[in-house]
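Participant: whatever this is, show me its structure:
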Amino acid sequence: LRGVPGLRDELVPVSGESRQTVTVVSADDGDATVFNERGPQVGPAEWRAFTDRFAELVREASVVALCGSLPSGLPSDAYARLISRASRSGVTSVLDTSGAPLLDALDARPDVVKPNAAELAAATGCDDAGTGAERLRALGARAVVVSSGPGGLLAVTP
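Facilitator: Take a look at the predicted model:
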């Protein structure tokens, strides 16, 4: 694993293999198709090791980005727990996920939630991005940024 210059790796080992994600982009129109492998099962001891390390690292952070689907074995409120920990440390949280983990995290009041248009519609039942974003804000998100591919972004903020 190669790191990003200026960012140090803080990986917590798990017994399973890391998943790989492959994105295929059409040269004709730029459409992208994403293939996600299934991630490893994360056990209670591995989750505890991660949350312990997160608690240490968040004290040094100004922003945390919590992104992607949750690995098997984690509770659907895992992101909510991490957001709460970040908030107690005065750290801004950015959440980019979908489904139950997204909805379960809203009680923790993430600073920014970034669903795409399809994830937003699935979470709120609204096809209108503005209305859906306001619903997520009413449920606890402080700000919502909806990505719509070539349609750009819609930010709904206080």
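
Participant: for this protein, what spans make up the strands?
Facilitator: Per DSSP state E, the chain carries strands over the ranges 21-25, 32-36, 63-67, 92-96, 112-113, 143-147, 153-156.

Participant: could you list the low-pLDDT ranges of the chain?
Facilitator: By pLDDT under 70, the weakly predicted segments of the chain are 1-3.

Participant: remind me, longest helix of it?
Facilitator: In the chain, assigned by DSSP state H, the helix with the most residues is helix 44-58.

Participant: just checking, what packs against it?
Facilitator: Under the contact criterion of 3 or more CB pairs under 8 Å, 6 or more residues apart in numbering; DSSP states H and E, helix 44-58 touches helix 78-88. All C-beta atoms are positioned from the backbone trio N, CA, C, and that covers glycine.

Participant: so how far is the helix it packs on from its chain's centroid?
Facilitator: From the chain centre to the centre of helix 78-88 is a distance of 12 Å (CA atoms, centre = their mean, to the nearest Å).

Participant: try stretch 30-50
Facilitator: 12 Å.

Participant: CA atoms of that stretch as CSV?
Facilitator: C-alpha atoms of stretch 30-50 as CSV (Å, rounded to 0.1, in the frame of the first residue of the first chain):
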residue,chain,number,x,y,z
GLY,A,30,-17.4,9.2,-19.5
ASP,A,31,-20.0,6.9,-17.8
ALA,A,32,-18.5,4.9,-15.0
THR,A,33,-19.3,1.5,-13.7
VAL,A,34,-18.0,0.5,-10.3
PHE,A,35,-17.3,-3.1,-9.3
ASN,A,36,-16.9,-3.6,-5.5
GLU,A,37,-15.6,-6.8,-4.1
ARG,A,38,-17.2,-7.9,-0.9
GLY,A,39,-15.2,-6.8,2.1
PRO,A,40,-14.0,-8.9,5.0
GLN,A,41,-16.0,-9.9,8.0
VAL,A,42,-14.9,-7.6,10.9
GLY,A,43,-15.2,-9.2,14.4
PRO,A,44,-15.9,-7.5,17.7
ALA,A,45,-12.2,-7.5,18.8
GLU,A,46,-11.2,-5.9,15.4
TRP,A,47,-13.9,-3.3,15.7
ARG,A,48,-12.8,-2.5,19.2
ALA,A,49,-9.2,-2.1,18.1
PHE,A,50,-10.3,0.2,15.3
